[in-house]
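# Could you work out the structure for the sequence below:
(chains A and B)
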Number of protein chains: 2
Amino acid sequence: MNSASEPWLATLRRRLLQRSPDALRADVMAALVVSVLLIPQSLAYAMLAGLPPQIGLYASLLPLLAYALWGSSPVLAVGPVAVLALMIAQALGALPPGVSPSEGALVLAAEVGLILLLAAALRLDALASLLSVPVLHGFETGATLTIALSQLPVLLGSPAQGFELPGLWQSAQSSGFAWHGWTAGFGLLACGLLLAGRRWLRPGLARLAPMGLLLLAMAAASAGDVASHGVALVGTLPPMDLHTSLPRTEAELWWNLAPSALLIALITYVSSLVVAESLARRRGEKVQAGAELRGLAAANLCAAFSGGMPVAGSFSRSVLLHEAGSRSRLSGVFVALFMGLAMGLLAGPLASLPKSVLAATILVAVLSGLKFQPFVEAWRYARAEALLMAGVAAIVLCWSVSAALALGVLGSIALLLQRTARPHVALIGRVPGTEHYRNVGRHAVQCQPGVLGLRIDESLLFTNARSLAEVVQSFLNHTEPGAEPMRRVVLLMSPVNSIDFSGLEALRELHSHLKRQGLRLDLSEVKGPVLDRLRAANWTRWFEGEVFLSHHQGMVQGQSNPVDKLVDES
Amino acid sequence: MNSASEPWLATLRRRLLQRSPDALRADVMAALVVSVLLIPQSLAYAMLAGLPPQIGLYASLLPLLAYALWGSSPVLAVGPVAVLALMIAQALGALPPGVSPSEGALVLAAEVGLILLLAAALRLDALASLLSVPVLHGFETGATLTIALSQLPVLLGSPAQGFELPGLWQSAQSSGFAWHGWTAGFGLLACGLLLAGRRWLRPGLARLAPMGLLLLAMAAASAGDVASHGVALVGTLPPMDLHTSLPRTEAELWWNLAPSALLIALITYVSSLVVAESLARRRGEKVQAGAELRGLAAANLCAAFSGGMPVAGSFSRSVLLHEAGSRSRLSGVFVALFMGLAMGLLAGPLASLPKSVLAATILVAVLSGLKFQPFVEAWRYARAEALLMAGVAAIVLCWSVSAALALGVLGSIALLLQRTARPHVALIGRVPGTEHYRNVGRHAVQCQPGVLGLRIDESLLFTNARSLAEVVQSFLNHTEPGAEPMRRVVLLMSPVNSIDFSGLEALRELHSHLKRQGLRLDLSEVKGPVLDRLRAANWTRWFEGEVFLSHHQGMVQGQSNPVDKLVDES
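Numbering: from 1, shown residues only, chains lettered A, B, ... in the order given. Alright, predicted model coming up:
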């Protein structure tokens, strides 16, 4: 980072001046298109998070400059996103008395920024791989449905409130499923217009629909004086003045919000990275995970000091930025400029915008991202993972985002442990006329009398170590009556990618177990890195068998070569 | 279990009468040898657990009968064990007022029994594999040192108390490192005699040494009236009467002790299973994990209802039972009978036994099991696992058994995740004149122009899925300048033991990533179970490459064969 040696405004100017006019024009145009979508989204997502709408605008200004300076992706559109808004709303649900939601959001943003910064310093970006595809997709689906449900009462003018299904249902029930005609009229009409726009307008024009709708609704509402009919409006906002200030620093408040901040940071990083990587692959570029962490950290710290809320990379806006031709992170700078302009112009008219129209914007935006195909595909491929996916979605919908993520990660790890604990084991024989050895149960192969060839399809790890000797013994017990007695066992080690210390003990135990029965243990096709480790542990002190370059050599030559003098394999 | 249809005493008699006189005599002799060791150990371990000594005797009677009826191993010597005694002492350290340690021990035993029963019913025996060798050995070493340290003050007549090192040190410091001459004299002499016995007596006689020492010390102490010199004696015990009674049933007490009970149950099961399995392998027998769970559950429930304490299989006594020639679980029944006899005879003389002599018995018994060799071997084999082992031992010694086990299991899982997250990847070429393909970095092999042959040494899992495309791309980027441009990538899949849903997505992503660059992705040597799953997911909708039986075919034939029409492999 050259930001250490020169002030950031100088860096910005230098980078700006390096660009060709063409590239500059492309970035400006892309920024304009994205800003038109970002204005309604930022207002709506702030409302979804339980915050005053202008907070969304504040979070779409300076944080974008910070990401442009320290981030890595030229097309990642940072700002308020729907899923984060839901997590923020849940985190701010239990604030101590005397702390406003806006103040809580600043502390959250500061914590998210510091956590991301710490993760960058400690190179913890690998932790992101804990979120498997089933957990991530289940989480997104559950969050989308939860967001949509939470907006229904706003859309219909019902007093019901809540984020998780049971609470929302109770709240709606206790209000007698009341709704308000005029409000619902505005909301449903807005939904209809947005859906019609998506269906019949050209993609380029369709993207302008949410902004157009906003202007239309503001005009209609102020012309018709809908407030007198009881339609809830956004209402007069405090004057829009972006000012920097420190978040509150009470230790207890920080401590209370820390678990939520940790999960928000994880989701911020993973969802942004997934978007950045998938777009980078289409563009033939590469994402630097470390720079991404630093960029997102800077954006969130900036949000914390300029009256915003936690921000992340948005999927829909990033795709838009890419398709509209953004060439560099300067497009983010221009988006920030356009947002500043919008802030000045919108302050007055926003007061007369019906809230149900903003709810319609959220509903249509999030539901268009809903995909059930992955559930079907996962069900076809692996039932347990499909159940995990559905379970995570259901927990988000009925309980909480934090519980869903925590249980989802534990579930993924449990499935991985179970996978390594019960490996597939095959008795293998020779494909006639070749040197290939295949599963006896699947192929017409020849077995060699007196020699048992086995393939265990897993690394030797603590999860399966205790059963190794037992598994081999069960194959020895199942030799046909009258067959030549076994003299050797040859383990084909090509599926054994590593052996941990428990696995080493198990191999030693198997060796002496076979030796007690007068059998010799040989290994074939041991991988180089695995053999390196065995040699470092001086394993020939106890291992009396041989290591063969190929399984065929092991089966056929078997008796003559001295231990460990053969060519190793890697 | 036939116990459901006939009363257990009838079962016992039937089993007794089935035996030949020879087998019966062998079991009786083995039982006698073990009883002579069990008497001093049961008294000492009860004292170590912070309980009156006779509780150890009670726990060595009916529980053994219960294990004989429902257990599976003919040589597992169930009863009080040192490690469990330490865990019981830590669990009973924070009992609510009004609950005596003996009452707490009964509740613990009941909970351990119920947990083991539940685990048997739900077939949870696989959970035992979560304890890796490093964790188990670290735990045993730490526990042994902790036990030895906690007995030092008793041996030397110091008022210091405590189980974890910092507490014990503080306690000793606040007592000014005081010690008592006569007590220490008895204790050190006893240690000396036991060590001398181990060194110079024949193994058969050495085993009688602890019992002989006990008798000698009782005689010497009562003859010389050492109590007047201030030597702490066991003191007059309540009359030995084994009676059945229910443990206390306050929900809060049960709830408080439940976490400790869970860990004691885990250690009870795993340590007993390790002993039973290692002896069964020597004897050519097989241990049934389910029956083992039921037997240990019955023994602990029995202990809970007959005034005992949690019990498990003892390593030292089980080895003794095996070496002394035990042939069936009847030997356990005879041990119980001998213990009943001892209870009647010992009640009076025990009063005059110096406590420091019992401490000497514990010290010599546990320290003889201390092994540092595994630390050295683990260090040579895998640094991270050696550190885990030492870390677990240190946490047991300085903090608590529960924390050590919990952190140890988490550490093992973290190492496993890290192992799968960063797989070894090798560019492979043909060993000249063969059809074998090996690592270019380790062997003199030939690469084929225009075709990239890669081997990724790991299953495709969520932990490594996100980096797959990146890893392959990095090999594509490193082709020599001027070389023929790449047309195909062939992945050798023999190390890929499974592909989870995240891995499937990664493979699909890699496929389209290569396709965008005009490259084709082919696979070779895909395992049968892996290919079955891919076909179930209807993968040919997107996969346009070929699957080859051998990597050689994949490299050489490459262009002609239609997808998925080739012989599959398993």
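
# ok now do the residue in the stretch 401-550 of chain A that chain B sits nearest to, which residues does it touch?
Going by CB to the nearest CB, chain B is nearest to A:F462 of the stretch 401-550 of chain A, at 3.4 Å. (Glycine included, C-beta is placed from N, CA and C.) Going by CB atoms under 8 Å, 6 or more residues apart in numbering or on different chains, A:F462 touches A:500-503, B:129-133, B:412, B:416.

# Please point out which parts of the top helix by length along chain A sit buried.
In chain A, with assignment by DSSP state H, the single longest helix is helix A:251-283. For helix A:251-283, a neighbour-count test (16 or more other CB atoms under 10 Å in any protein chain shown) marks A:253-254, A:256-257, A:260-261, A:263-277, A:279-281 as buried.

# chain center to that helix, what's the gap?
How far helix A:251-283 lies from its chain's middle: 8 Å, per CA atoms, centre = their mean, to the nearest Å.

# which other helices and strands contact that helix?
Of the remaining helices and strands, those touching helix A:251-283 by 3 or more CB pairs under 8 Å, 6 or more residues apart in numbering or on different chains; DSSP states H and E are helix A:82-91, helix A:101-121, helix A:133-156, helix A:289-305, strand A:312-314, helix A:315-323, helix A:401-421, helix B:501-516.

# Point out the most buried one among those.
Among these, strand A:312-314 has the highest mean neighbour count (mean count of other CB atoms under 10 Å in any protein chain shown), at a mean of 28.

# and for it, what are the contacting residues?
In contact with strand A:312-314 (CB under 8 Å, 6+ apart) are residues A:41, A:73, A:76-81, A:83-84, A:267-268, A:271-272, A:275-276, A:296.

# rerun at 6 Å
If you take CB atoms under 6 Å, 6 or more residues apart in numbering or on different chains as the criterion, strand A:312-314 is touched by A:76-78, A:81, A:84, A:268, A:271-272, A:275.

# from the contacts of A:F462, which single one is nearest A:F305?
Closest approach to A:F305 among the contacts of A:F462 (CB to CB): B:L416, at 40.9 Å.

# one step back: out of the helices and strands packed on helix A:251-283, which comes closest to A:R329?
Of all the helices and strands packed on helix A:251-283, it is helix A:289-305 that lies closest to A:R329, at 8.6 Å by CB to CB.

# Centre of the chain to the closest one, how far?
Worked out by CA atoms, centre = their mean, helix A:289-305 lies 17 Å from the chain centre.

# how about that helix, does it get close to chain B?
No. Judged by CB under 6 Å from any CB of the partner chain, helix A:289-305 and chain B are separated, with a smallest distance of 9.5 Å.

# Residue numbers of chain A in contact with chain B?
A:129, A:132-134, A:281, A:378, A:380-382, A:385, A:412, A:419, A:421, A:424, A:438-439, A:442, A:457-458, A:462-463, A:466, A:494-495, A:497-498, A:501-502, A:504-505, A:513, A:528-529, A:536-537, A:550, A:569-570.

# how near is the residue of chain A most remote from its centre to A:P449?
Of all residues in chain A, A:G482 has its C-alpha farthest from the mean position, at 58.0 Å, by CA atoms, centre = their mean. A:G482 sits 11 Å away from A:P449, going by CB to CB, to the nearest Å.

# All the strands of the stretch 451-570 of chain A, residue numbers only.
Remark: strands assigned in the stretch 451-570 of chain A by DSSP state E, counting those that start in this stretch are A:451-456, A:488-492, A:520-524, A:547-548.

# what's next to the second one, contact-wise?
The list of residues contacting strand A:488-492 from outside it, by CB under 6 Å, 6+ apart, reads A:451-455, A:514, A:519-525, A:551, A:554-555.

# please redo it, this time with the cut-off set to 8 Å
With CB under 8 Å, 6+ apart, strand A:488-492 has contacts from A:428, A:437, A:450-456, A:472, A:476, A:514, A:519-525, A:548, A:551, A:554-555, A:558.

# Any of these buried? List them.
By 16+ other CB under 10 Å, these give A:428, A:437, A:451-456, A:472, A:514, A:519-525, A:548, A:551, A:554-555, A:558 as buried.

# returning to what we had before: save the helices and strands packed on helix A:251-283 as JSON lines, and put in distance to A:L193 and mean pLDDT too.
What follows is those, written out as JSON lines (distance: least, CB to CB, whole Å; pLDDT from 0 to 100):
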{"stretch": "helix A:82-91", "distance to A:L193": "20", "mean pLDDT": "92"}
{"stretch": "helix A:101-121", "distance to A:L193": "31", "mean pLDDT": "94"}
{"stretch": "helix A:133-156", "distance to A:L193": "13", "mean pLDDT": "91"}
{"stretch": "helix A:289-305", "distance to A:L193": "32", "mean pLDDT": "93"}
{"stretch": "strand A:312-314", "distance to A:L193": "22", "mean pLDDT": "94"}
{"stretch": "helix A:315-323", "distance to A:L193": "18", "mean pLDDT": "87"}
{"stretch": "helix A:401-421", "distance to A:L193": "31", "mean pLDDT": "90"}
{"stretch": "helix B:501-516", "distance to A:L193": "36", "mean pLDDT": "93"}
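
# Dump the ones you listed into TSV; add distance to A:F163 as well.
Listed next are these as TSV, based on distance: least, CB to CB, whole Å:
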stretch	distance to A:F163
helix A:82-91	6
helix A:101-121	14
helix A:133-156	5
helix A:289-305	22
strand A:312-314	19
helix A:315-323	21
helix A:401-421	9
helix B:501-516	28
